[in-house]
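Engineer: below: sequence and its predicted model.
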Amino acid sequence: MSSNTFKRLPYGEQNFASVRTENYAYVDKTRYIEMLENESNSRQFFIRPRKFGKSLFISMLSYYYDKLCADRFEELFGGLYIGDNPTPLRNSYAVMEFDFSGLDTATPERFMKSFEKNVQKTVCIFLEKYSSVFPKATEMIAQINSQQEGIGSLRTAYGAAQLSGVKIFVIIDEYDHFANDLLAMGVEDVYKKMIQASGLVRDFYETLKIGAKSVVDRIFITGISPVMLDNLTSGFNIAVILTMHERYNSMMGFTHGELEWLMDETGVNRDLITVDMEWYYNGYLFNEDAADRVYNPSMMLYFFSQIMDRRKIPKSIIDPNLKMDYGRLQRLVRHEANRDMLLQIVKDGGVVSAIQTTFPIDIIHDNDQFVSLLFYMGLLTIEKPEFGLLRLCIPNYSIRTVFWEYILRMAQTEAAFSINNTELNRAIRALALDGQAGPFLDYVSRNIFNRLSNRDLRQFDGKYIKIMLLGCLFQSNVYIPASETETDSGYVDICLRRSPLFPEVKYEWIFEIKYLKASVKKLEPHRIEAGKQLQDYSSSALMKDSRDLKKAVILFIGKNKYEIFED
């Protein structure tokens, strides 16, 4: 494909028509339209983590089923799977689209007003859009606005559709956005008032359920967590949950084959990709029997867009949008049990658990529910089945850095210390250019470990030390720090590879971390063990091929002392 025929990269694009008509590459997901339409239940619920392509997918559904877009079918869907295999229901609905992001959750009163206004505005837009189909649409809009019908405006829309003999397809995006905000802010009482019992949100879904008896023929709901489902069970118990079905594992996100196609279509120069994309961005699995792990599409499009703009890999290989996941994570772990569980997950690289498909707000901080929430947020994914449960792991390097940074910041808050980036970067520079580990370890020991709070000290062990060191190393982009790198003789605690951004870095490192309690009497056996471990690593195939590689075992004694053994 010549350079002048390459498609545009659809980074940040959420409108399906724009993608299809403005020369963007589109990874064809239209076969899932047929699959969803063939489901026995036409009211469907499907969730995926943030930035996983949900908005573009529901935009595709909207254009496909919208009766006003029938004359654009070939323009929008020609050449795609569904264009060659159209379903019986194509372009046969009036589509009503709700988006519940951005609601005002500051107080119960402001939330109620914001929610009702959102519903009323959506209904008015719906009636105006289909004014050529609904003869009295203008009068209905005037009535709704004059009487401030709020959720009741849905019934007016139902009446318009019934009079015109038209079926409605309701699409709800970000169905749980406001609920997640309420929970993250710690205002469970507001959540319960609005969603449980006879709350406003429950009223909305009960009204939607009423419409499903007559004119609402199809419903598709998406968000990032199932946190509201349990509370809506009696008010809205008509939807099938498709989130973890094997056949829908790749409905959102990119498989390896789709990623290769996207690079070919957009002209991404593979020679400029000097990092392991699978290690950085892949790894998501939403059903243990699914064939393909998928890449987070937003992460990949960010990476490709940076390469195409800069003609080299980006300064920050980690998508800055992941910082938002850190903020949400910080708010979710107000409970000490959740903080301890999170730390254990990072120490062990994962956890064995069941995935709860729904869970009530009252037990959201129980371990199983908290772990399930991390899964739905994309911070954990399925590794493999294990004795009737699932072993969940951190999906990729990008998400690992979210955890490292969170734990480092949590320790900063608890122990009231701050990181001096100038001094830290100077210490990391000594690692990189001078081959000296002492300045870095001295900085961490003096400024972090010695200031840890009593709560942090309860967790203090070799794994905790490793996480804190990784968090500090990640503050600089001189190295790509990794944990548990496999060698012939085992797994290295910390491996520092030079960043492609800094080929002038002279030394790479491997660190093995040992921890002894301050009360230990005999150090010599541990020193001998450290020396043997260094010999084992030096003889491994991975290390033999590395140039300018330095190896060290760091023996921590309590939180105040350490010894370095270098090869």
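Structural biologist: Thanks, I have it.
Engineer: would you agree residue 519 falls within a helix?
Structural biologist: No. Under DSSP: H, G, I helix; E, B strand; the rest coil, residue 519 sits outside any helix and is assigned coil.
Engineer: what is the burial count for it?
Structural biologist: Neighbours of residue 519 under the rule other C-beta atoms under 10 Å: 7. No exception for glycine: its C-beta is placed from N, CA and C like everyone else's.
Engineer: cool, residue 38 as well?
Structural biologist: Counted with other C-beta under 10 Å, residue 38 comes out at 8.
Engineer: next one: phi and psi at it?
Structural biologist: phi -80, psi -10 (degrees, to the nearest 10).
Engineer: compute the first-to-last residue distance for stretch 5-20.
Structural biologist: 15 Å (C-alpha to C-alpha, to the nearest Å).
Engineer: roughly how far is that stretch from the heart of the chain?
Structural biologist: 22 Å (C-alpha atoms, centre = their mean, to the nearest Å).
Engineer: do stretch 19-29 as well
Structural biologist: 23 Å.
Engineer: same deal with stretch 336-352?
Structural biologist: With C-alpha atoms, centre = their mean, you get 18 Å for stretch 336-352.
Engineer: which stretches in the stretch 251-400 of the chain count as strands?
Structural biologist: 350-353, 381-386, 389-393 (DSSP state E, counting those that start in this stretch).
Engineer: same question, the chain
Structural biologist: For the chain, the strands defined by DSSP state E occupy 43-47, 94-99, 168-173, 216-223, 240-241, 350-353, 381-386, 389-393, 479-487, 490-498, 508-516, 549-557, 561-566.
Engineer: could you dump those to CSV with mean pLDDT and distance to residue 296?
Structural biologist: Formatted as CSV, these follow (pLDDT from 0 to 100; distance: least, C-beta to C-beta, whole Å):
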stretch, mean pLDDT, distance to residue 296
strand 43-47, 95, 15
strand 94-99, 97, 21
strand 168-173, 97, 18
strand 216-223, 96, 16
strand 240-241, 92, 22
strand 350-353, 94, 18
strand 381-386, 95, 10
strand 389-393, 96, 15
strand 479-487, 80, 18
strand 490-498, 85, 22
strand 508-516, 89, 28
strand 549-557, 88, 31
strand 561-566, 86, 37
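Engineer: which one of those strands lies nearest to residue 284?
Structural biologist: Closest approach to residue 284 among the strands of the chain is made by strand 381-386 (5.0 Å; C-beta to C-beta).
Engineer: neighbouring strands for the closest one, and are they parallel or not?
Structural biologist: strand 389-393 (antiparallel) (DSSP bridges).
Engineer: for residue 467, which residues are in contact?
Structural biologist: If you count contacts by C-beta atoms under 8 Å, 6 or more residues apart in numbering, residue 467 has them with 343, 346-347, 403-404, 407-408.
Engineer: how about the strands of the stretch 251-400 of the chain in TSV, adding distance to residue 68 and mean neighbour count?
Structural biologist: As requested, those are exported to TSV (distance: least, C-beta to C-beta, whole Å; neighbours: other C-beta atoms under 10 Å):
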stretch	distance to residue 68	mean neighbour count
strand 350-353	46	19
strand 381-386	39	16
strand 389-393	44	19
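Engineer: could you dump those to TSV with distance to residue 552?
Structural biologist: As requested, those are arranged in TSV below (distance: least, C-beta to C-beta, whole Å):
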stretch	distance to residue 552
strand 350-353	27
strand 381-386	30
strand 389-393	28
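Engineer: dump the strands of the chain to CSV, plus distance to residue 523.
Structural biologist: Formatted as CSV, the strands of the chain follow (distance: least, C-beta to C-beta, whole Å):
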stretch, distance to residue 523
strand 43-47, 52
strand 94-99, 62
strand 168-173, 60
strand 216-223, 54
strand 240-241, 56
strand 350-353, 33
strand 381-386, 37
strand 389-393, 35
strand 479-487, 25
strand 490-498, 19
strand 508-516, 7
strand 549-557, 7
strand 561-566, 8
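Engineer: nearest to residue 182, out of those strands?
Structural biologist: That would be strand 216-223 among the strands of the chain, by C-beta to C-beta, at 13.6 Å.
Engineer: any stretches of the stretch 401-550 of the chain with poor pLDDT?
Structural biologist: 454-455, 486-489, 538-547 (pLDDT under 70).
Engineer: in it, what residue spans correspond to helices?
Structural biologist: Using DSSP state H, counting those that start in this stretch, the helices of the stretch 401-550 of the chain run over 421-429, 438-447, 454-458, 462-474, 524-538, 541-544.
Engineer: so which of those is nearest residue 26?
Structural biologist: Per C-beta to C-beta, nearest to residue 26 of these: helix 462-474, 34.4 Å.
Engineer: dump the C-alpha coordinates for the closest one into CSV.
Structural biologist: Extracted C-alpha coordinates of helix 462-474, given in CSV (Å, rounded to 0.1, in the frame of the first residue of the first chain):
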residue,chain,number,x,y,z
GLY,A,462,11.2,-8.2,50.4
LYS,A,463,8.2,-8.0,48.1
TYR,A,464,7.2,-4.6,49.6
ILE,A,465,10.7,-3.3,49.2
LYS,A,466,10.7,-4.4,45.5
ILE,A,467,7.4,-2.6,44.8
MET,A,468,8.7,0.6,46.4
LEU,A,469,11.9,0.5,44.4
LEU,A,470,10.0,-0.2,41.2
GLY,A,471,7.8,2.8,41.9
CYS,A,472,10.8,5.1,42.4
LEU,A,473,12.5,3.8,39.3
PHE,A,474,9.4,4.4,37.2
